[in-house]
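Just the structure for this:
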Amino acid sequence: MIGLVGAVASSLIASVASWVAEHPWISALPVVAVAGTGAVGVYLQRKATRRDAVRAQGLRYVVEHLDGLHYTQFEYALRDLMHRDGCQDARQVGRGGDKGANVKATDPHGRRWVIQCKHRKDGLQGSAVGAPDLYVLNGTGRQVHGGDVLVMLTNGRFSKPALEFAESQGLHLIDRHLLARWASGSRPLREVLRAVPPPRRPTSLS
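This next block holds a predicted model:
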């Protein structure tokens, strides 16, 4: 009985081998399948990248929406806006001991941005961001974080001493009105602000 089973198995194997020999293209099917799977994966990845790019280009926020966010969500929203502006490495870094930085990014011209965020639940009615809030950013923005553009951003307002200190130290301030214009528009922050440093590397725009 065992011999019979072996003979049948051998005959079946021989028949399959003969059929494959007569149809050599069959041996290429696994390679084609793998290549096809890889091509589909690349296509889906590119499609997702294009979808994310379109979504990022259309990102808009009204300032009243930003008012209602938790301060950490506020930082992530600003990170997403910087990403929309072409800063591919934009990231939220705010946490305990962040040394004055909540969002860091590099723009398409190579400039490094360091942004400190001050969220006010009551908007303009909340307490003004004062000069002491700028001292840490001014002290660490360039030396610790290597920033070219140092920004203090709030959905509220700044005190007069803060405005004077920022002007004397070359810091950029974004208050509620400027934030609303940037977040709800399509112009990148580097174009909304005035007197940003020149690009680190030559570009067609410089």
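
got any ranges where the protein has weak pLDDT?
1-10, 12, 16, 20, 25-57, 96-98, 201-206 (pLDDT under 70).

Try it again at 90.
Residues of the chain meeting the criterion pLDDT under 90: 1-58, 94-100, 194-195, 199-206.

got the residue ranges for the strands in it?
91-92, 103-106, 112-118, 149-154, 172-174 (DSSP state E).

Could you dump those strands into CSV and include mean neighbour count?
Any C-beta I mention is one placed from the backbone N, CA and C, and that applies to glycine too. CSV is the format used below for those (neighbours: other Cβ atoms under 10 Å):
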stretch, mean neighbour count
strand 91-92, 18
strand 103-106, 22
strand 112-118, 24
strand 149-154, 24
strand 172-174, 20
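
Tabulate those (JSON lines), appending distance to Pro197.
Output for those, formatted as JSON lines (distance: least, Cβ to Cβ, whole Å):
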{"stretch": "strand 91-92", "distance to Pro197": "21"}
{"stretch": "strand 103-106", "distance to Pro197": "13"}
{"stretch": "strand 112-118", "distance to Pro197": "10"}
{"stretch": "strand 149-154", "distance to Pro197": "6"}
{"stretch": "strand 172-174", "distance to Pro197": "10"}
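
nearest to Trp19, of those?
Closest to Trp19 of the strands of the chain is strand 91-92 (Cβ to Cβ; 58.1 Å).

Check which helices and strands that closest one sits against.
Applying 3 or more Cβ pairs under 8 Å, 6 or more residues apart in numbering; DSSP states H and E, one finds that strand 91-92 makes contact with helix 71-84, strand 103-106.

Identify the residues contacting the last one?
Contacts with strand 103-106, where a contact means Cβ atoms under 8 Å, 6 or more residues apart in numbering, come from 75, 78-79, 82-83, 87-94, 112-115, 117, 145, 147.
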